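S.K.: Need coordinates for the following:
(chains A and B)
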Amino acid sequence: MNTMLNKSMRIAALLAVTFSTSHVLAADKIIKIDGSSTVYPITEAMAEEFQKAQKVKVTVGESGTGGGFKKFCRGETDISDASRPITQKEMDICKEAGIQYIELPIAYDALTVVVNTKNDWVKSLSVDDLKNIWQPGSSVKNWKQVNAAYPDKAMGLYGPGTASGTFDYFTEAVNGKSKASRTDYTPSEDDNVLVQGVSGNVGGMAYFGYAYYAENKDKLRAIPISAKPGSVAVMPSPEAVKDGTYQPLSRPIFIYVNATAAAFKPEVKAFVNFYLDNAPKLVAEVKYVPLPSSDYAAVKAHFKALKPGTGFGGKNEVGIKIQDLINRIK
Amino acid sequence: MTTETLKTKASVLENLVAVRAMIRRHKRNDVIFAAIGLIALMLGLLTLLTLFIDLVMDGYPRFNLEFFSNFPSRRAANAGLLSAWVGSLLVMAVTFLTAVPMGVAAGLYLEEYAPKNWFSDLIEINVSNLAGVPSIIYGLLALGLFVYGLGLGESILTAGLTLGLLTLPVVIVSTREAIRGIPVAIREAAYAVGATKWQVVKDHVVKYSQGGILTGVIIGMSRAIGETAPIITIGALTFIAFLPPAPITEVAPFINFEWLSSGFTVLPIQMFNWLSRPDHAFHTNAAATGAIIILLTLLMNGTAIYLRYQIRKNIKW
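M.R.: Numbers count the residues shown, from 1 in each chain, chains lettered A, B, ... in the order given. Just a heads-up that it's a prediction; the model follows:
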């Protein structure tokens, strides 16, 4: 037993030496970020590059948009990642705690409707078709029910879970009311599960963020979407999102910066500026769609002015222009 | 030869045939049961083996030193486990330091000191029940108690204490089992030469049950190292590209407790994050991490078996 103890103490000492030599002891500055898993890859890329350039520590959590706002409104984080605007309820909680925030759109995401690669009958869908399929109480169970010209094939529906910002936005854009959806589909918080589901089911259909489609083009087929029946159907692509033709399924995603931290913590200010400066390059690298450069300039100016508040007033909106959004807060 | 003797001979022969048939039948049952047992064993082992081989085949491009010495990154090929394995190590250290002394003390008390009454029975039932409580429940308890109640925040200390609670019942139960295995004669001999209860416990009970206790501790710890749900509940981070402050410093007083309140991530969380990424290259990282977690668990269990063997070898009664 004694020799064993000696041995374990030696190991502990060894580890301690490894730690102490590899680490400088100093009260380093730290920036805490939490929130949406959709925005996570962008913020992670920013944090990685920022830490290479500056001696500031950045941590990023992934509690979801709602979970992130809970921490943010308690003052536990400096920045909150969000795949949807802040809700009225969250605004109230923040206000009560005296937390003010600066709302910054940082990129676009395109919700993509996908089907199995063996599905050769659907050429495009209109938002009305989608509503017909996804609205609460929908009885559509077969592709024939969507369009008489489609074959008699059972439909397998897959979608994100109800806690997801993607779910909130899709239901708002398609069904007209956030969180209003049929419930008899296979939900998963993990988009890779949805990819698996549709690629294994000939009659399968799902919706999720563009990045998951971009990485799985060999397994899935994206459906062009038309805003109204008869209007031109647009295939989701970075170009279509940028020029505003892929509507209503492209949405802005945000970071919310604690206004006090932005004003009084130089490292937070430096990080957000770094974020906006590097967004065009890094956002595209992690397969999201950057805003037009004129929009980034507007967002930067907005951050420089340190104007707190939200342009949404607690409600999500479909198809809003970034510059209009910013002008509302001024 | 009379017909009588002939008849007896025939009946004996008949009996012999029946007995031999019976023996054959029983031997066949033996073989059948052994085969069923082997199949059952193989089912478990082969499943684990297939899983492990599959993970290794998917993850082998990442088995290099950089995978262990790099921080997470948006580029799958550069992303590494450094913050995750250091986090796991420090969390497990806290778990070990809380669960073992408390668990062994509680086990000793219940087995050696506790009066046999309804209250002890109640505690006993509760302890066995705790061993089966789903881990997410511990996470919720920890979120309310450690994170908000005691204000420890989302720190290594909170995670270690949470997993310590999770491991505690396993340690208590295995301590008691180990103590029960000590022959009564040993205690009686000690009492006979005038030892006090504390001396008996300290010099004999603890000493001889070390092997069993150690096994329980390591089995509990290898369960804890793979836990994800309670750690996510208390709010572990996903991206953290720095290490907690070192526990031992170059300047006096040489020991530094700052690391306890540092943010952290652990191996299973890092794996979970990589698995849910759209980019398939990250799935390779996740597979490699999975293989490493299985290897770690095997290593810990192997150590338990080895130490138990070493300790038992030295005990002669």
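
S.K.: Pop the domain breakdown of chain B in here.
M.R.: B:1-62, B:63-314 (automatic domain parsing).

S.K.: how about the ones you listed, which one is nearest residue A:193?
M.R.: domain B:63-314 (8.9 Å; CB to CB). Placement of C-beta: from N, CA and C, glycine included.

S.K.: and the domains of chain B, which is most packed in?
M.R.: Across those, the average number of neighbours (mean count of other CB atoms under 10 Å in any protein chain shown) peaks for domain B:63-314, which reaches a mean of 18.

S.K.: What's the end-to-end length of it?
M.R.: 39 Å (CA to CA, to the nearest Å).

S.K.: returning to what we had before: quick one: the domains of chain B as CSV, columns for mean pLDDT and distance to chain A too.
M.R.: Shown next, in CSV, are those (pLDDT from 0 to 100; distance: least, CB to the nearest CB, whole Å):
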stretch, mean pLDDT, distance to chain A
domain B:1-62, 89, 14
domain B:63-314, 88, 4
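
S.K.: Now do the helices in chain B.
M.R.: With DSSP state H, the ranges of helices along chain B come out as B:3-59, B:65-69, B:82-108, B:118-130, B:135-142, B:156-180, B:184-192, B:197-200, B:206-225, B:229-233, B:267-275, B:280-314.

S.K.: I'd like to know which of the ones you listed lies nearest to residue A:36.
M.R.: Ranking the helices of chain B by proximity to residue A:36 (CB to CB) places helix B:267-275 first, at 13.5 Å.

S.K.: elements contacting the closest one?
M.R.: helix B:82-108, helix B:229-233, helix B:280-314 (3 or more CB pairs under 8 Å, 6 or more residues apart in numbering or on different chains; DSSP states H and E).

S.K.: Residue A:81: which of those helices is closest?
M.R.: Among those, helix B:229-233 comes nearest to residue A:81, with 16.5 Å by CB to CB.

S.K.: CA atoms of the closest one as PDB?
M.R.: The C-alpha trace of helix B:229-233 is given here as PDB (Å, rounded to 0.1, in the frame of the first residue of the first chain):
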ATOM      1  CA  ALA B 229     -26.500  14.500 -18.700                       C
ATOM      2  CA  PRO B 230     -25.700  16.000 -15.200                       C
ATOM      3  CA  ILE B 231     -22.700  17.900 -16.500                       C
ATOM      4  CA  ILE B 232     -24.800  19.500 -19.300                       C
ATOM      5  CA  THR B 233     -27.500  20.300 -16.700                       C
END
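
S.K.: And stretch B:105-119, how far out from the chain middle?
M.R.: Counting by CA atoms, centre = their mean, to the nearest Å, stretch B:105-119 is centred 24 Å from the centre of its parent chain.

S.K.: and what of stretch A:319-327?
M.R.: For stretch A:319-327, the distance to the chain centre is 18 Å (CA atoms, centre = their mean).

S.K.: again with stretch A:280-289
M.R.: When C-alpha coordinates are averaged (CA atoms, centre = their mean), stretch A:280-289 and its chain have centres 13 Å apart.

S.K.: Out of the helices of chain B, which gets nearest to residue A:271?
M.R.: With respect to residue A:271, and counting by CB to CB, the nearest of the helices of chain B is helix B:82-108 at 18.9 Å.

S.K.: just checking, what packs against the closest one?
M.R.: Under the contact criterion of 3+ CB pairs under 8 Å, 6+ apart, helix B:82-108 touches helix B:65-69, helix B:156-180, helix B:206-225, helix B:267-275.

S.K.: Counting by contacts, list what the longest one packs against.
M.R.: Helices and strands in packing contact with helix B:156-180 are listed as helix B:82-108, helix B:118-130, helix B:135-142, helix B:206-225, helix B:229-233; criterion 3+ CB pairs under 8 Å, 6+ apart.
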